[in-house]
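Asker: Just a sequence and a predicted model for now, questions to come.
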Amino acid sequence: MPFRFRGCFAIPRGWSLQHQFPHSSSIPLNFSSLPHASSSPHSLLLHNFLPWLENKASSTISSSLSIANSSYGKSLFASKTIQTGDCILQVPYTVHITADNLPPEIRYLIGEDVGNIAKLAIVLLIHKKLGQGSEWYPYISCLPLQDEMHNTIFWNESELEMIRQSSVYQETIYQKFQIEKDFLALRPVFESFCQSLGDFTCKDFMHACTLVGSRAWGSTNGLSLIPFADFLNHDGISEAIVMSDDDNQCSEVIADRDYVPGEQVLIRYGKFSNATLMLDFGFTIPYNIYDQVQIQFDIPKHDPLRDMKLELLQRYFAPPTKDVKGLKCSVNSFTIKEVKSARGKGKGVPQSLRALARVLSCTTSQELYHLVVEAAQTDGRLARCPLQHTDNEIQAHKMLSSLFIQLIEERNATIMSLDSCDSSSLYESLPVRRQMARDLLHGELRILKSASTWLENYCFSLT
Ligand SMILES: C[S@@+](CC[C@H](N)C(=O)[O-])C[C@H]1O[C@@H](n2cnc3c(N)ncnc32)[C@H](O)[C@@H]1O
């Protein structure tokens, strides 16, 4: 799966050194000999891309795919009939771009704490500056420009306002902060090494990091840009993925269905929610089965038992580790997935959230003490069993329910204002970003509603 972006310094891995810089392109492109190539320089570059890469790799990469533009940007299309199980591309490790492509002078200057995304971003920046003198020029010149990318890190304040209710808002701020911090840490390296190449700005670095985050794969070959394979776009329900074949030292894709010539071939990057897709890849899908919502459930400031409850939360609910994005998980934040069955079958609302609601709904210290005793007598976890008094159990779940209703109302209001005619004055945003915000909020709404219905039914079942 393409590598999820998590801040440039956060992912320690080992690297081997290999000086491959600078190179000049060894295979001159002969545009004039190509049939049917349209005349614009860019379409010529696209048309020549696969022959250029196959020449560089000294092997056939694909005999069934070709590159063209679609509404998803550059895309791969079936150039002949493809059948389920066909191997549609094989990209040898020798033409992957990894941190090994960093010049040793730079590698020597950057600290051990610099992560793989930052290293690969620097490789891209250097080759971009080299222009036609770079051995990777045909590849670099096919990569999306910043203006063509819609990752939330590139959204302006007004656009971000559309998704303020979602955790994506905070995650975007965090990601931007991380990249800016990483850029400041790397600045001396850029200044001492890259004088001959000109300045790299923070904007350049952010663009390069986002390119890497949205199109590099973590494989046995390390974090790698895999030219050609990285022109495949995402379909959340596809079973096709990019795989590493270590025996043959290549990355490959096996078709998960039949394609007729001219059809776009899609793969699945991962089981990603729209929150992840918009943050790390700059797009959403209208109905995403992997959607989820991050919610926070706080102890009211005026609760007379607040200190006691806080202490219990720290003791019983503290997460053992930081979450995947390196952000500190708080004891009161939860991931909600769609609750499939409103009638009590299936997983329902997370047990940990219901346990927290039981703790927060206690109104006396005796009730809290009883929960602690019960935990000691059972599996050590607090408030995992229904409260002894049915009224209290209902009360706890009603408290949760009112939180969900509030979150639903907030999202409904934002979606309505996004849909209304005069919303352009409220949110000065690109239409594509507005649609992404809608997809995100509609997905979150669907999940919150499913959880809310489940809670209603649970309370009803107790009466
Ligand atoms: C690995 S690249 C795929 C090639 C890319 N289209 C290009 O122009 O280079 C991933 C990027 O493609 C675009 N993309 C992939 N799947 C998409 C989809 N289902 N809808 C919209 N954009 C998509 C997004 O911009 C994403 O960041």
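Answerer: The structure has been received and is ready for your questions. Numbers count the residues shown, from 1 in each chain.

Asker: Can you say which helix or strand has residue 76 in it?
Answerer: Here residue 76 is covered by strand 73-78, with elements defined by DSSP states H and E.

Asker: what angle separates whatever helix or strand comes next after that strand from strand 73-78?
Answerer: Per DSSP H and E, strand 73-78 leads on to strand 87-92 as the next helix or strand towards the C-terminus. Taking axes from the mean of the first three to the mean of the last three Cα atoms, to 10 degrees, one finds that strand 87-92 is oriented at 120 degrees with respect to strand 73-78.

Asker: Next up, the contacts around residue 368.
Answerer: 305, 308, 309, 312, 359, 362 (Cβ atoms under 8 Å, 6 or more residues apart in numbering). C-betas here are computed from N, CA, C, even on glycine.

Asker: Alongside the ligand, which residues does the chain contribute?
Answerer: Contacts of the chain with the ligand, taken as Cβ under 6 Å from any ligand atom, map to 2, 72-75, 144, 214-215, 230-231, 233-234, 281-283, 285.

Asker: Can you tell me how far the closest residue to residue 46 other than its chain neighbours is from residue 221?
Answerer: The spatially closest residue to residue 46, leaving aside those adjacent along the chain, is residue 67, at 5.1 Å (Cβ to Cβ, 6 or more residues apart in numbering). Distance of residue 67 to residue 221, given as Cβ to Cβ, to the nearest Å: 23 Å.

Asker: swap in residue 257?
Answerer: 27 Å.

Asker: When those two are compared, which one has more neighbours?
Answerer: residue 221 (18 against 14; other Cβ atoms under 10 Å).

Asker: That one touches residue 97, doesn't it?
Answerer: No - using Cβ atoms under 8 Å, residue 221 makes no contact with residue 97, being 10.3 Å away.

Asker: anything in contact with each of those two?
Answerer: With Cβ under 8 Å, 6+ apart as the test, residue 221 and residue 97 reach no residue in common.

Asker: Using the three-state scheme, assign residue 177.
Answerer: Put simply, residue 177 is helix when judged by DSSP: H, G, I helix; E, B strand; the rest coil.

Asker: Contact partners for it?
Answerer: Residue 177 touches nothing, counting by Cβ under 8 Å, 6+ apart.

Asker: pLDDT score assigned to it?
Answerer: Note on residue 177: pLDDT of 96.

Asker: how close does it get to residue 183?
Answerer: On the measure of Cβ to Cβ, residue 177 and residue 183 end up 11 Å apart.

Asker: quick one: low-confidence ranges for the stretch 51-200 of the chain?
Answerer: Low-confidence segments of the stretch 51-200 of the chain (pLDDT under 70): 194-198.

Asker: partner residues bridging the closest residue to the ligand within it?
Answerer: As assessed by Cβ to the nearest ligand atom, the ligand sits closest to residue 73 within the stretch 51-200 of the chain, at 2.7 Å. Residue 73 forms beta bridges with residue 70, as assigned by DSSP bridges.

Asker: domain parsing for this structure?
Answerer: Here the domain parsing of the chain from the TED database is 40-272, 292-318+330-462.

Asker: residues touching residue 205, list them.
Answerer: Residue 205 neighbours (Cβ under 8 Å, 6+ apart): 121, 125, 179, 182, 183, 186.

Asker: So the fifth one sits against residue 202, correct?
Answerer: To tie it back to what came earlier, the one meant is residue 183. Yes - with contacts defined as Cβ under 8 Å, residue 183 counts as touching residue 202 at a distance of 4.5 Å.

Asker: who's more crowded, the two?
Answerer: Neighbour comparison, residue 183 and residue 202: the larger count goes to residue 183, with 21 against 15 (by other Cβ under 10 Å).

Asker: Residue 397 is in contact with residue 458, correct?
Answerer: Yes - shown here, residue 458 and residue 397 form a contact pair, counting by Cβ under 8 Å, at 5.7 Å.

Asker: mind saving the C-alpha coords of stretch 76-95 as CSV?
Answerer: C-alpha atoms of stretch 76-95 as CSV (Å, rounded to 0.1, in the frame of the first residue of the first chain):
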residue,chain,number,x,y,z
LEU,A,76,-3.0,3.4,-16.3
PHE,A,77,-5.4,1.9,-18.9
ALA,A,78,-5.7,-1.6,-20.3
SER,A,79,-4.0,-1.5,-23.8
LYS,A,80,-5.3,-5.0,-24.5
THR,A,81,-7.7,-7.5,-22.9
ILE,A,82,-6.6,-8.3,-19.4
GLN,A,83,-7.9,-11.4,-17.5
THR,A,84,-8.2,-12.0,-13.8
GLY,A,85,-4.9,-13.4,-12.5
ASP,A,86,-2.8,-11.8,-15.3
CYS,A,87,0.4,-10.2,-14.1
ILE,A,88,-0.1,-6.7,-15.5
LEU,A,89,3.2,-5.0,-14.4
GLN,A,90,6.6,-5.9,-13.0
VAL,A,91,8.9,-3.1,-11.9
PRO,A,92,12.4,-4.3,-11.0
TYR,A,93,13.9,-3.0,-7.8
THR,A,94,16.7,-1.5,-9.8
VAL,A,95,14.4,1.2,-11.1
